[in-house]
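Asks: Sequence and predicted structure below; questions after.
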Amino acid sequence: MFQDNPLLAQLKKQIQETLPKKEGNIKATDRGFGFLEVDNKESIFIPPTYMKNVMHGDRVVAVIRTEKEREVAEPQELVEQFFTRFIGRVKMIRDRLHVVPDHPQLKDAIKARPVKGLNPELLKEGDWVVANLTRHPLTADNKTFFCDITEKVTDSGDKIAPWWVTLARHNLPNAEPAPQESWSMLEEGLERQDLTELPFITIDGESTKDMDDAIYTVQKEDGSFEITIAIADPTSYISVGDKMDDEARERGFTIYLPGRNIPMLPRELSDELCSLLENEKRPTLCCRVSVDQDGVIQDDIHFFAAWIKSQGRLAYNNVSDLLENGQCENWAPNDIILEQITALKDFANARSNWRANNAVVFPDRPDYRFELSEDNDVVAIHTDPRRTANRMIEEAMITANICAGRALKAKFGMGVFNYHNGFNPEKLDTAMEFLTKAEAPFEKEQLLTLDGFSALRRWLNEQDSTYLDNRLRKFQAYSDVGNKPAAHYAMGLDVYATWTSPIRKYGDMINHRLLKALISGQTPSQTPDDNVGEEIAIHRRSHRMAERDVADWLYIRLLKDAVKNETVFTAEIFDINRAGMRVRLLENGAAAFIPGSLIVDDKSRIECSGELGIINIDKIQEYQLGDNFEVKLAEVRTATRQLVAKPVKQFPVTEAESEKDEAEKA
């Protein structure tokens, strides 16, 4: 009506200019209405009529008025659009092309058209596409959303859709780099020692092809060790700034998704020329260092280039079976390889004990591995515990990265360093409140130091409950990467620089080039700039999100019958918010949400405190972070790939609830 009458429209505008305005984010609901979430945690109701002009996640300025005795927000100005590029599914409405965004809070179809060059006849109902939002109701005269379809990802019924859609969503490559016609080693001015006669061994998964570390261990009569860690050397084939180097930097990491990986480097490098295959001569970068019987790394750290030839391509499970059970059913090493395995195990025990007493050792958690059929259906999920052989390799790699951190810090004062700053300074006081209440033997000043923070982590590992540990993690800084040496509080180490996975991590390639300059005495061919940490963080975040997204999709496939079958799972609480709690199913690693309404019917009885990490029912604490308990799945939401669970334990109905039920029946 206002649009048809200029005078009324002008009057409305004048009235709105006198009303208060607030800025905030749009929060949509399943029932059409929404809320303006203001920065100070204030929520203001948005009626369905006004929600048609915005979408979940938009940041807007809204006019605040009273309608029907209720304060409401009417969005007026778009501050920041929730997204521009998005993934969605084709929907035909009255033979017109639309796209429904693939997002749990976005259910409305958006009018669409294909960009020039994309044949509209290729787009069918349900197909997955990439689209760009080109029109928003708050910024255009035409008060509707509109988008351009820029790419078709895959067909509606494609069983590989979880991988293709996820990679497209995060703008990640879906194939390894194109192969080159030939590869030749660079002239780097490095003298390579010939260590091909030494019995280096590799220990990896049975299906691993990109083997990037081999180890040779000498255990001495006094109980000390001399360990040589040899790492694959892709930088001997790739020069700084060439096409392959630029692509590796753009990718950042090898992408690991359930059921498949996408290498950072061409497979003829990662799986063949650089992979430390058994009985194949390979160029490597090596670190040799002495470690005393108590696990202390000595000062004789020595980096050098070498040729090696692995004499044992070993598998984690076989080595673990041998060491844990005294034998492996289908495999037995010869005496030379057995000597290497035993020496590496003793070395790892010494280092692990030292770290447990002087730094930080994380509690073991299993890895969850999807087993897929040939046509990409989920057959099963396997729980792979961290076994003896895994810990042996882990300790060797940590040792190598400590050595690299020390060497790069001493020689150049720069490199690609992993660091962690302990507690977030803004949250330290809150953390101390929890520690004081728990009678923890620490003062605030202690926790600002590496030794103090490490002591706290060790103390937390000794506690019977993981509640305090889980709660304090909310107040810690995130692990980060930078080009200057800094302490890694979470590991309890004064410096840490990874170089042990150059086939899979571009940051490790940079450190390789620095270490080669250290060896040769030449100027480094590459130095890390100030942006390297941010680049690596962005890559790591997108890869982790992609891995999680594919896993969520596969969990839906695996657990589609769990509701009907009333399968009971053991769940661990890893997050609590005002709406309920998030849990992980320990049998398979799936994440599920338990809303408060599925814990008790009457919302007045339940209090979910995200701040304290607890849930009270009838004023009594029933759940806290880290608790384990039995659950069943209540709902498997295929469209949004979400699992909703409920506790097996039922809480008694109160007398008031019973009377209310009787009254309703009457």
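Replies: Great, that's in hand.
Asks: Surely residue 246 is in a strand?
Replies: No - read with DSSP: H, G, I helix; E, B strand; the rest coil, residue 246 is helix and lies in no strand.
Asks: Going forward, the N-terminal residue is numbered 16.
Replies: Renumbered: residue one is now 16, and that last one reads residue 261.
Asks: pLDDT wise, what is it at?
Replies: Residue 261 carries a pLDDT value of 96.
Asks: so what's it up against?
Replies: For residue 261, the contact set (C-beta atoms under 8 Å, 6 or more residues apart in numbering) is empty. Bear in mind the C-beta positions are built from the backbone N, C-alpha and C, glycine included.
Asks: quick one: it and residue 192, what's the gap?
Replies: Counting by C-beta to C-beta, to the nearest Å, the separation of residue 261 from residue 192 is 10 Å.
Asks: do residue 490 as well
Replies: From residue 490 to residue 192 the distance is 41 Å (C-beta to C-beta).
Asks: same thing with residue 614?
Replies: 50 Å.
Asks: what do you get for residue 590?
Replies: Distance, residue 590 to residue 192, by C-beta to C-beta: 38 Å.
Asks: More neighbours: which of those two?
Replies: residue 192 (20 against 16; other C-beta atoms under 10 Å).
Asks: Identify the residue spatially nearest to that one, adjacent ones excluded.
Replies: Counting by C-beta to C-beta, 6 or more residues apart in numbering, residue 281 is the residue found nearest to residue 192 once chain neighbours are left out, at 4.8 Å.
Asks: And for residue 467?
Replies: Residue 467's closest residue in space is residue 461 (C-beta to C-beta, 6+ apart), at 3.2 Å.
Asks: and the one you found, what does it touch?
Replies: The neighbours of residue 461, taking C-beta under 8 Å, 6+ apart as the test, are 467-468, 470-471.
Asks: Throw those into CSV and include pLDDT and secondary structure, thanks.
Replies: CSV is the format used below for the contacts of residue 461 (pLDDT from 0 to 100; DSSP: H, G, I helix; E, B strand; the rest coil):
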residue, pLDDT, secondary structure
467, 97, helix
468, 97, helix
470, 97, helix
471, 97, helix
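Asks: Just name the closest of those residues to residue 498, please.
Replies: Using C-beta to C-beta, residue 468 is the member of the contacts of residue 461 that lies nearest residue 498, at 23.1 Å.
Asks: what's the longest helix along the chain packed up against?
Replies: Criterion DSSP state H: the longest helix present in the chain is helix 547-573. Here helix 547-573 touches helix 176-184, strand 270-272, strand 393-399, strand 495-497, helix 521-535, strand 657-662, going by 3 or more C-beta pairs under 8 Å, 6 or more residues apart in numbering; DSSP states H and E.
Asks: Pick out the shakiest of those, pLDDT-wise.
Replies: Mean pLDDT values for those show the minimum at strand 393-399, a mean of 91.
Asks: Go ahead and produce PDB holding the CA coordinates of that strand.
Replies: C-alpha atoms of strand 393-399 as PDB (Å, rounded to 0.1, in the frame of the first residue of the first chain):
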ATOM      1  CA  VAL A 393      29.300 -46.800   4.100                       C
ATOM      2  CA  VAL A 394      30.000 -50.400   5.100                       C
ATOM      3  CA  ALA A 395      31.200 -49.700   8.600                       C
ATOM      4  CA  ILE A 396      33.200 -47.400  10.900                       C
ATOM      5  CA  HIS A 397      36.300 -48.800  12.500                       C
ATOM      6  CA  THR A 398      37.700 -47.500  15.800                       C
ATOM      7  CA  ASP A 399      41.500 -47.400  15.500                       C
END
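Asks: And the helix or strand just after it, what's buried?
Replies: Following strand 393-399 in sequence order, the next helix or strand is helix 403-426 (DSSP states H and E). Neighbour counts over helix 403-426 (16 or more other C-beta atoms under 10 Å) mark 403-408, 410-424 as buried.
Asks: same thing with stretch 629-646?
Replies: 629-630, 632, 637-642, 644, 646.
Asks: Break down the stretch 116-265 of the chain into its helices, ranges please.
Replies: With DSSP state H, counting those that start in this stretch as the criterion, the stretch 116-265 of the chain has helices at 176-184, 258-266.
Asks: re earlier: could you tell me the angle between the longest helix of the chain and strand 657-662?
Replies: Relative orientation of helix 547-573 and strand 657-662, computed by axes from the mean of the first three to the mean of the last three C-alpha atoms, to 10 degrees: 70 degrees.
Asks: got the angle between helix 547-573 and helix 176-184?
Replies: Using the same axes, to 10 degrees, helix 547-573 lies at 150 degrees relative to helix 176-184.
Asks: Can you get me the centre-to-centre distance for helix 547-573 and its chain?
Replies: When distances are taken as C-alpha atoms, centre = their mean, to the nearest Å, helix 547-573 is centred 5 Å away from the chain's centroid.
Asks: Tell me the buried residues in it?
Replies: Applying 16+ other C-beta under 10 Å to helix 547-573 flags 547-548, 550-552, 554-555, 557-558, 561-562, 564-573 as buried.
Asks: Point out where the stretch 566-681 of the chain drops to low pLDDT.
Replies: Low-confidence segments of the stretch 566-681 of the chain (pLDDT under 70): 669-681.
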